[in-house]
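[1] have a look; sequence and predicted model below, questions after that.
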Amino acid sequence: MTSTFSELGVPAALVDRLTALGITAPFPIQQLTLRDALGGRDLCGKAPTGSGKTLAFSLPVAIGVGRGAPKRPRALLLVPTRELASQVSEVLSPLLAVTDRNVVTLYGGTSVGRDRQRLAKRVDVVVATPGRLEDLLQQRALTLGDVDMVVIDEADRMADMGFLPVVRRILDQTRNQRQTLLFSATLDGDVDVLVRRYQKNPARHEFDTPAEARGDVRHVFWAAERPERRKLTAKIVRETGPAIVFTRTKHGADRLAKQLAQDGITTAAIHGNRSQNQRESALARFADGRVHVLVATDVAARGIHVDDVAAVVHYDQPATDKDYVHRSGRTGRAGAEGLVVSLVGAEERKDVQKLQRDLALPEGLHDIELSLLNGGVLPAPRQDTRMHTPRERRGGSTGASRNGGAAPATSRGRARHGRSGGDANGGQPAGGRKRARRR
Ligand code: ADP
Ligand code: MG
């Protein structure tokens, strides 16, 4: 049984605004959470990347937030990256316009003076990254003493050890009597710290994309030592179309972007050392097709929101399973097909073996066959592209049954488009058409 936005408790004026924005029916995670969130309950929502979590918390904020005062916002939305902060604000703003509330967005790389000016006027909602927010709190540019509504987006990331202390210092400054909404793509042990400390009897809702609605994401692992990777990467992205290539370091990202450009591929690098303007412009150029390859570091991965990225290339291996999941989640969004290629050096074989086991991916290394990347024959896609963090698998709730879908590494020979069922690309090769959006 599905409900409409209105049946879930969204007021008519907002339903109209959503319709004008082309949003007519709630996505599953919105179905699951809106009633509780609008009812004022604390909430823990888990759903995969691209499933519509932003709207799931933006609607309750727009509807429920009180009227603030200068320097005294009433709602706080914490997000891990600058890109995400501006994306969340873009979703929230048109809704707040309907409910006569405003939002101030705070993140690093922009003028602190401007932030202070905007906070000096009435502010209802603040969307912020922890670092910049803490700076401004220390400067007494605002106080969180009136905040009775808190959203923690990408909670798994916010609960990472690096972030957790500042997140806690910030949340401790909000009102005790408050509603706290927490959303994440994974809910593992780290997130529990936030749940236990900052939520009261939260409603828990989880949504996993049903297999038939999910894009086929193929994970292949190719042996490639560092000196071979540049040429190989160039060849891969020529075959696949729009791609995101991940490197470990900022320097590595800059260098590879330059090298690929020398090979005739339009690239942009996106990482923490680029200015906010540079990052936004790189994303925009990628989204509208002027740039074909983004070279990114893990920090940047979270903020990238572009549908129909044909391929993700792990040029350097990710540091953790979580990073692999988040990097790879950039492709195969919204039912589209996706390809994930890992370039694996001899000394990385062991780590990759463990990663494949932990995430129930096809094991072993595959033959490098470039001609097959685009519309040809590749290892069969996993029936179930959901990946688990090790912790979830140890929890054992769903992990075991998923292994059945993993294709053996050697099971090549299945026609890429020969399967039945919903093919979101209408049978086109993964890179054949680009429908990129950036909000
Ligand atoms: P998540 O935060 O879960 O990764 P987003 O909130 O960024 O995902 O949403 C992914 C995409 O889905 C966005 O482009 C958003 O505009 C779109 N979207 C969200 N909810 C709906 C809906 N109910 N109907 C149509 N599109 C939606
Ligand atoms: Mg999100």
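    Arrived safely, thanks for sending. Everything numeric here is computed off the predicted structure, so don't read it as measured data. Residues are numbered from 1 along each chain as shown. Ligands and ions are numbered 1, 2, ... in the order given.

[2] drop to CA atoms for contacts and neighbour counts, all remaining ones
    OK.

[3] may I see the buried residues of stretch 144-164?
    144, 146-159, 164 (16 or more other Cα atoms under 10 Å).

[4] how about it and ligand 1, touching?
    No. Using Cα under 6 Å from any ligand atom, stretch 144-164 never reaches ligand 1; the gap is at least 7.9 Å.

[5] what of stretch 183-198?
    No. When contact is scored as Cα under 6 Å from any ligand atom, no part of stretch 183-198 falls within range of ligand 1; the minimum is 7.4 Å.

[6] quick one: contacts of that stretch?
    Stretch 183-198 is contacted from outside by 44-49, 53, 151-156, 159-160, 171, 180, 182, 202, 389, 391-392, using Cα atoms under 8 Å, 6 or more residues apart in numbering.

[7] quick one, helices of the stretch 101-250 of the chain?
    All helices of the stretch 101-250 of the chain, identified by DSSP state H, counting those that start in this stretch, fall at 112-120, 130-138, 155-158, 164-171, 189-198, 226-240, 250-262.

[8] okay, angle between the fifth one and helix 164-171 too, please.
    Regarding helix 189-198 and helix 164-171, their directions subtend 20 degrees when assessed with axes from the mean of the first three to the mean of the last three Cα atoms, to 10 degrees.

[9] please shift the residue numbers so they start at 2 in all later answers.
    That works, and once the first residue is 2, the last one we named lands at helix 190-199.

[10] buried ones in helix 190-199?
    Neighbour counts over helix 190-199 (16+ other Cα under 10 Å) mark 191-192, 195-196, 199 as buried.

[11] and which of those residues is nearest ligand 1?
    Of all those, Val192 has the smallest distance to ligand 1: 16.5 Å, by Cα to the nearest ligand atom.

[12] from Pro29, how far off is that closest one?
    Taking Cα to Cα, to the nearest Å as the measure, Val192 falls 22 Å from Pro29.

[13] which residues of the chain lie near ligand 1?
    Counting by Cα under 6 Å from any ligand atom, the chain sits next to ligand 1 at 24-28, 49-56.

[14] kindly recompute the last result at 5 Å.
    For the chain, the residues in contact with ligand 1 (Cα under 5 Å from any ligand atom) are 24, 26-28, 50-55.

[15] please indicate which of the residues you listed are buried?
    26-28, 50-52, 54-55.

[16] can I get those residues in a markdown table with distance to Gly365?
    Converted to a markdown table, those look like this (distance: Cα to Cα, whole Å):
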| residue | distance to Gly365 |
| --- | --- |
| Ala26 | 42 |
| Pro27 | 40 |
| Phe28 | 36 |
| Thr50 | 27 |
| Gly51 | 29 |
| Ser52 | 31 |
| Lys54 | 35 |
| Thr55 | 37 |
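
[17] can these go into TSV with extra columns for secondary structure and pLDDT?
    Formatted as TSV, these follow (DSSP: H, G, I helix; E, B strand; the rest coil; pLDDT from 0 to 100):
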residue	secondary structure	pLDDT
Ala26	coil	92
Pro27	coil	94
Phe28	coil	91
Thr50	coil	79
Gly51	coil	79
Ser52	coil	85
Lys54	helix	95
Thr55	helix	97
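
[18] which stretches in the stretch 2-151 of the chain count as strands?
    44-47, 70-71, 76-79, 104-107, 123-124, 126-129, 150-153 (DSSP state E, counting those that start in this stretch).

[19] quick check, pLDDT for the nearest residue to Val168 once chain neighbours are set aside.
    Excluding the flanking residues, the one nearest Val168 by Cα to Cα, 6 or more residues apart in numbering is Pro131, at 6.3 Å. What the model reports for Pro131 is a pLDDT of 96.

[20] which stretch among the strands of the stretch 2-151 of the chain comes nearest Asp322?
    Asp322 lies closest to strand 44-47 among the strands of the stretch 2-151 of the chain, at 17.9 Å (Cα to Cα).

[21] got the CA coordinates for that closest one in PDB?
    Taking Å, rounded to 0.1, in the frame of the first residue of the first chain, the C-alpha atoms of strand 44-47 are listed here in PDB:
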ATOM      1  CA  LEU A  44      13.900   8.800  13.700                       C
ATOM      2  CA  CYS A  45      16.600   6.600  12.300                       C
ATOM      3  CA  GLY A  46      16.300   6.100   8.600                       C
ATOM      4  CA  LYS A  47      18.500   3.900   6.500                       C
END
